[in-house]
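Asks: sequence first, predicted model second:
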Amino acid sequence: MYSPKAQKDLIDLSSRLLKNKHRDTSSRSEDFEEIKNLHEAIRYHEWRYYILSEPVITDFEYDQLYNRLKSLEKKHPDAITPDSPTQRVAYDLTKEFPEVKHLVPMLSLDNSYDEKTLIDWDRRVRDLTGENEITYSVEPKFDGAGISVVYENDVLVRGTTRGNGSVGEEITNNIKTLRSIPLKANFSRYGIHKIEIRGEAMINKESFKKLNQRRVAQNLPPLATARNSASGGIRQQDPKDVAERNLEAFLYNVSYAEDRDLKDLLGTTLPAHSENIAMLFRLGFKTPHGELKVMKGIEAVVKACKEFEERRDALAYEIDGLVIKVDQIRLQKKCGYTSHHPRWAIAFKFAAKQATTVLQKVEFQVGRTGAITPVAKLEPVALAGVTISSISMFNEDFINEKDIRLNDRVVIERAGEVIPYIVMAVVEARSGKEEKIRFPKKCPSCGEQLFKPEGEANWRCVNVNCPAQVVERLIHFVSKDAMDIRGLGAATIFEFVQHGFLKSIPDIYRLNYDLIRHLEGWKERSVSNLKNGIDVSRKQPLHRLLYGLGIRFIGETTAKKLSEQIHDLLDLRGWTLEQLMTMEDIGPKAATSIYEFFQAEANLAMITELREMGVNMVFEGRKKSQAGKLAGHTFLFTGTLKMKRGDAEALVEQNGGTLLGSVSAKLDYLIVGDDAGSKLQKAAKLGTVKIIDEDEFLKMV
Ligand code: IVH
């Protein structure tokens, strides 16, 4: 698409455009020249971002280019061309999408789930073509909404939904909002005058998550699947709503191509499917080219199917299988079609991510903060490679909203890294034996009355000595991100609690090793490892202790911030709520929680005991390296980062940089993640702060 030289020129052009001091006195011809340059630069950056997913400028810089183009077009409305990057979002609503006939019917694919079906299919293909061995291409089967686009004279003229396969709905204005679909593409270079291409509009996993977060914030119901939000997405009446969903399109099949003389080019000038995909990629489309593999014979295909299934969850978007196609179009033509699907292609479907099973029992678990979580005990069922017999149901509202009952048949889903969850109850399968799930009124561990604070989803046990909470608190205290006590895992804690060795956190530091030595399974070596792990933990930095205490709303990052603003842990005892609220990076919820924690006598007594036991309680200052790559520079992070905020900040410090708490003239670099807000605006206004994204920051270190 772009040669290295062209790319360099475009990057140079972009930085010149970004540096332009925008005069209002520029001449009309200067403005037109700049508009032309902006078109080229923006198109290039859209390609880097939407097709390659490797942007070379920040979102902020892209927005500057885009906004500059908008304002020049406002000044010169006659300069607006239909292929201008600003013309992707039309402002008209579409009441009803007109129906259009596809140039070639959009058929569905035959399915296979196992090796044998693939081997049978290969035999049929060899019979139909008279070949001994077939070259196949194997690529992902995208799980989104089928679309088709037509280009004539290098210009996108039409976009349609799949519809019933022969007639679809015309959604050209919506399709134009997908930045991975070029408005113009140089097909004439290949002698192509008119071309129809099939593909799939998709929402990637990340955008899907964010879309649902926004919907929940707006009190709209979350969308069930990425596929639903893609197919609903491309059919929105307002193109602005389509653009909002961040859809992208993978194009995976050329279904029709003709030259100026209306001659069919498929099978001649365009001889192979894999080459068509490569051509589309070169012309700036998003295609499966990176995942597409060409191979000889069905054995290789079977092997590739097995390998790919393992990588499924690592992809940024949902796929539900693979599509195997006869690569040579000449041979595809020999195979032909049934009334439902092509004989030259077949889908290999992956194992389902959903299964149904019976909800046999509900247990109520008590967490470290006393929150009660209902846990569904299921008739064990195999799903995507693991057996599932137990699933969290989060809280009472979850159960009520879904109206899940005891003995219900339920649909469960496990997608990727996501923990399995209950999608719904199968209401049709009810026999009358189902019972409403009763939430306990008393703590299942200590019997104390439960209560539900206003605005919260969980019922809580407020008894600080509740045995279940004690165990959970101990587990949290010793965990890797907290005091990191090696040799003291959850199972050991359980064992020690049962023996009465551990009743509270300070008990960890007064364990009687002589008694432990006599327990079954303990040897001199494991005892000394345990003792060593516990001794070492006494010197852990203050923020680990603060986090380990398990104060609500004090995560790792807040614990770090907090520890830097105090000298001694017990300082917090004297702080008023107002004082806590004014601390940097401590929100009202966290401030209230800290306040309440240090009001409770029992907590103060525990901290005093820990101090007597020799546990470090003072902030020892930041370790500053004078020499690092970032020495002499100041940094601040804002928005949601890909890495943990704490890790990012540690990187700054390890490299000698200084972290600041707010945007000011002293700030050198603002690193922006997703959904950055006021800090970004403030920095942009100041004009002296370098605004970079996470990747650029990582390059610096
Ligand atoms: S090729 C003539 N390739 O799956 C059929 N289809 O279940 C040409 N799909 O209707 C289709 N990924 O919407 C093809 N890589 C891929 C695909 C793909 C997803 C969809 C397509 C099709 C449906 C059939």
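Replies: Everything's here; your move.

Asks: what number of residues lie near M106?
Replies: 22 (other CB atoms under 10 Å). C-beta coordinates here come from the backbone N, C-alpha and C atoms, glycine included.

Asks: quick one: it and V167 touch, right?
Replies: No. Look at M106 against V167 with CB atoms under 8 Å: they stay out of range, at 9.6 Å.

Asks: what's the distance between V100 and the ligand?
Replies: Using CB to the nearest ligand atom, to the nearest Å, we find V100 at a distance of 17 Å from the ligand.

Asks: neighbouring strands - and their directions - for the strand or helix carrying that residue?
Replies: V100 is part of strand 99-101, with elements assigned from DSSP states H and E. When pairing is defined by DSSP bridges, strand 99-101 lines up against strand 167-169 (antiparallel).

Asks: tell me the helix or strand right after the strand it pairs with.
Replies: helix 172-176.

Asks: relative to the whole chain's centre, how far out is that next one?
Replies: 25 Å (CA atoms, centre = their mean, to the nearest Å).

Asks: downstream of it, the next helix or strand is which one?
Replies: Sequence-wise, the next helix or strand downstream of helix 172-176 (DSSP H and E) is strand 194-202.

Asks: Provide a list of residues in contact with the closest residue to the ligand within the stretch 1-150 of the chain.
Replies: At 3.2 Å from the ligand, G146 is the closest residue in the stretch 1-150 of the chain, using CB to the nearest ligand atom. G146 is in contact with 106, 161-162, 198-200, counting by CB atoms under 8 Å, 6 or more residues apart in numbering.

Asks: all strands of the stretch 1-150 of the chain, in order?
Replies: When secondary structure is read from DSSP state E, counting those that start in this stretch, the stretch 1-150 of the chain shows strands at 99-101, 111-112, 135-142, 145-152.

Asks: tilt between the last one and strand 194-202?
Replies: Pointing back at strand 145-152 there. Going by axes from the mean of the first three to the mean of the last three CA atoms, to 10 degrees, strand 145-152 is angled at 150 degrees with respect to strand 194-202.

Asks: quick one, phi psi at K349?
Replies: K349 adopts backbone torsions of phi -90, psi 140, taken as degrees, to the nearest 10.

Asks: related to what we said a few turns ago, pLDDT and distance to V358 added to the contacts of G146, as TSV?
Replies: Formatted as TSV, the contacts of G146 follow (pLDDT from 0 to 100; distance: CB to CB, whole Å):
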residue	pLDDT	distance to V358
M106	90	40
T161	93	39
R162	90	37
R198	96	41
G199	97	41
E200	96	35
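
Asks: name the residues of the protein found near the ligand, please.
Replies: Within the chain, the residues that sit near the ligand (CB under 6 Å from any ligand atom) are 106-109, 139, 141-142, 146, 198, 200, 252-253, 288, 323, 342, 345, 347.

Asks: just the buried residues of those residues.
Replies: 106-107, 109, 139, 141-142, 146, 198, 200, 252-253, 288, 323, 342, 345, 347 (16 or more other CB atoms under 10 Å).

Asks: report the two of these separated the most.
Replies: Spatially, the most separated pair among these is L107 and P288, at 18.8 Å (CB to CB).

Asks: can you list the residues that contact stretch 637-650?
Replies: 556-557, 560, 659, 670-677, 679-680, 694, 697.

Asks: quick one: mean pLDDT for that stretch?
Replies: Regarding stretch 637-650, the rounded mean pLDDT is 87.

Asks: with stretch 308-328 instead?
Replies: Throughout stretch 308-328, pLDDT has a mean value of 89.

Asks: with stretch 376-393 instead?
Replies: Stretch 376-393 shows a mean pLDDT of 89.

Asks: thinking again about what came up before, now find how far off-centre the strand holding V100 is within its chain.
Replies: Relative to its chain's centre, strand 99-101 lies at 36 Å (CA atoms, centre = their mean).

Asks: just stretch 690-701 next, same as before
Replies: The answer for stretch 690-701 is 20 Å, by CA atoms, centre = their mean.

Asks: next, the distance between the ends of that stretch.
Replies: One end of stretch 690-701 sits 16 Å from the other (CA to CA, to the nearest Å).

Asks: check which residues of it are buried.
Replies: By neighbour count on 16+ other CB under 10 Å, the buried set for stretch 690-701 is 691-694, 696-697, 700.

Asks: for stretch 318-334, same thing?
Replies: 318-329, 331-332, 334.

Asks: nearest to the ligand among those residues?
Replies: Of those, the one sitting nearest to the ligand (CB to the nearest ligand atom) turns out to be V323, at 4.0 Å.
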